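In: generate a structure from the sequence data that follows.
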Amino acid sequence: MNKRKLLRLLLLAGAAALLIAAYLVWSALSSRAKDTGETVLFQAGNIVEIQSSYAGEEQVFIKEQGVWVLKSDAAFPLNTAYIGDMEEALSNVVATSKLESEDLTEYGLAVPAFEITAKTASGDEFACAVGNENNTADVVYLRTGGNVYTVDIGFSRRFCHTLLEMVEKQPLLNLQPSDVTEITLENGNGNWSLKRDQAAIPKGYGKLSWVRNDGAAADAEQAKALISAVAGMRAEETIAYQPDEATLSQYGFDQPLASIGIHYGETSWTAQIGNNTNSGLTYVWLPETKLIATFQSTVPEEILSLTPQDSLNRQVFPVEFDALTYADVEVDGTSKRVDFSQEASAWDFYYALSTMRAEQQIGRAHV
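Out: Numbering: from 1, shown residues only. Now for the predicted structure:
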């Protein structure tokens, strides 16, 4: 065989291979894409129930008086923004194409990743099974009404959250320090409490407002700082909801390292400090919300380090200005009486005195 004939055969073989490849591509496309136009699968503006089986969970959310709640537990601390995203996705479900192939396996629909159901106030219902994602085409495969469609990949991702991932992670307490009436503390250094009780403060010491359980004046600034620090704590990750005894023990809450209680109005709120994670976060058990979550360790470590001594009042001169009439001052052997009702400089003198704070409490004197 001469070179010319060999070249001709090679060219014919290459052309045949191209034709076969082109036919296979055409065949695959024609068998899959029956309709490449957009198809509205569901539209609704009055969705009142959303169900999802993502991650094997039975997630059912209902709208009560305009607010989304978990149907099985309305007290679950739900971040409703997640359900708002689901509602928005379901309000207008549009398919980018309808597929003809009956092989559900290739789309991940023989055993769907999860299923979604939406119900409206008027009784309409939409249900679909979610299959594989096609990251190249940015679509996900859905099966509804016996047909398979492609939908924008963003649709399914709005449902890809577990219940624990949807827990509200706002600051722990929505309050001002002035709302709090009592703080209770227990750690390795002891247990004690601080109560806002003006009646227990000696007459004339109007700038004091907190009293310890042993009757000693407590430091208002320290109480305020502690309340603000605890109230502003924000969870990093929710670990468990309604944990059983074994789960509590696993994270150190069979013997918590510390506990703090904050009481305001008719409400009592508690946090227990447990073990640390390998990454340096701290497990905290919140009995009122039935959650175990991880937090940055700064505030938990502060609670662990506090002592009853730290809570003693450090304000050197806790007297209100209006309660003063005069002060006798002696400097370098010279005495002067400052009349608070007449001298303008009296306020400067009072401010300097009233803002003095002790750096450290050595002990309590009995006089």
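
In: where does the stretch 1-150 of the chain dip in pLDDT?
Out: For the stretch 1-150 of the chain, the stretches flagged by pLDDT under 70 are 1-37.

In: can you show me the helices along it?
Out: Secondary structure of the stretch 1-150 of the chain (DSSP state H, counting those that start in this stretch): helices at 3-32, 80-91.

In: S259 against A271, yeah?
Out: Yes: counting by CB atoms under 8 Å, S259 does reach A271; the two are 7.2 Å apart. Heads up, the C-betas are built off the backbone N, CA and C, glycines and all.

In: who's more crowded, those two?
Out: More neighbours surround A271 than the other of S259 and A271, with 25 against 18 (other CB atoms under 10 Å).

In: grab the most central residue of the chain for me.
Out: Nearest to the mean C-alpha position of the chain, by CA atoms, centre = their mean, lies K169 at 1.1 Å.

In: look up how far T267 lies from that one.
Out: Distance of K169 to T267, computed by CB to CB, to the nearest Å: 20 Å.

In: just I153 next, same as before
Out: I153 sits 44 Å away from T267, going by CB to CB.

In: same question for Q242.
Out: Distance, Q242 to T267, by CB to CB: 20 Å.

In: equivalent analysis for V139, please.
Out: Relative to T267, and taking CB to CB, V139 is found at 49 Å.

In: who has more neighbours, these two?
Out: When neighbours are counted by other CB under 10 Å, V139 and T267 differ, and V139 comes out ahead with 21 against 12.

In: pretty sure the more buried one sits against V151.
Out: Yes: using CB under 8 Å, V139 is in contact with V151, at 6.3 Å.

In: shared neighbours of those two, anything?
Out: T96 (CB atoms under 8 Å, 6 or more residues apart in numbering).

In: please name the nearest non-neighbouring residue to L99.
Out: Excluding its sequence neighbours, the residue lying closest to L99 (CB to CB, 6 or more residues apart in numbering) is V148, at 4.4 Å.

In: for that neighbour, what are its contacts?
Out: K98, L99, S101, L104, Y107, L109, G131, Y141, L142.

In: can you tell me which residues contact the last one?
Out: With CB under 8 Å, 6+ apart as the criterion, the residues that contact L142 are L41, A95, C128, A129, V130, G131, V148, Y149, T150, V151, F155, S156.

In: distance check, the residue lying closest to the second one once chain neighbours are set aside against C128.
Out: This points to A95. Among residues not flanking A95 along the chain, Y149 sits closest, at 3.6 Å (CB to CB, 6+ apart). Per CB to CB, Y149 is found 9 Å from C128.

In: returning to what we had before: any chance of the contacts of V148 in CSV, plus distance to C160?
Out: Converted to CSV, the contacts of V148 look like this (distance: CB to CB, whole Å):
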residue, distance to C160
K98, 24
L99, 22
S101, 25
L104, 21
Y107, 17
L109, 17
G131, 13
Y141, 15
L142, 14
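
In: thinking again about what came up before, tell me the bridge partners for the residue nearest to L99.
Out: Note on V148: beta-bridge partners by DSSP bridges are L99, R143.

In: could you chop the protein up by domain?
Out: According to automatic domain parsing, the chain comprises the domains 32-166, 177-311, 316-367.

In: let me know the distance separating L173 from D179.
Out: From L173 across to D179, the span is 9 Å (CB to CB).

In: and those two? Which one has more around it.
Out: Ranked by neighbour count (other CB under 10 Å), L173 and D179 place L173 first, with 19 against 16.

In: could you look up the SS state of that one?
Out: Secondary structure, DSSP: H, G, I helix; E, B strand; the rest coil: L173 is coil.

In: cool, Q309 as well?
Out: helix.

In: so F253, which of the three states?
Out: Judged by three-state DSSP, the three-state class of F253 is coil.

In: what sits against it?
Out: Residues in contact with F253 (CB under 8 Å, 6+ apart) are Q272, G274, Y283, W285, I292.

In: repeat for P287
Out: Shown in contact with P287 (CB under 8 Å, 6+ apart): T270, Q272.

In: and the pLDDT for it?
Out: In this model, P287 is scored at 96, pLDDT.

In: just the helices in the stretch 251-367 of the chain please.
Out: For the stretch 251-367 of the chain, the helices defined by DSSP H, counting those that start in this stretch occupy 298-305, 346-354.

In: out of those, which gets the lowest mean score?
Out: Looking at these, the lowest mean pLDDT belongs to helix 346-354 (a mean of 68).

In: what about stretch 176-189, average pLDDT?
Out: 95.

In: which residues touch it?
Out: Under the criterion CB under 8 Å, 6+ apart, residues 191-196, 223-224, 226-228, 231, 257-265, 273, 303-308 lie in contact with stretch 176-189.

In: among the residues you listed, which lie within strands?
Out: When strands are assigned by DSSP state E, the members of the contacts of stretch 176-189 inside them are 191-196, 258-264, 273.

In: tell me the two of the residues you listed that are most distant?
Out: Spatial extent of those (CB to CB) is set by the pair R196 and I273 at 23.8 Å.

In: more neighbours: which of these two?
Out: Relative neighbour count places I273 above the other of R196 and I273, with 24 against 20, counting by other CB under 10 Å.

In: how about that one: what's its closest non-neighbour residue?
Out: A258 (4.2 Å).

In: what's the distance between that neighbour and R157?
Out: Counting by CB to CB, the gap from A258 to R157 is 40 Å.

In: same deal with Q222?
Out: Using CB to CB, Q222 is found at 46 Å from R157.

In: which one of those two has more residues nearby?
Out: Q222 (18 against 13).
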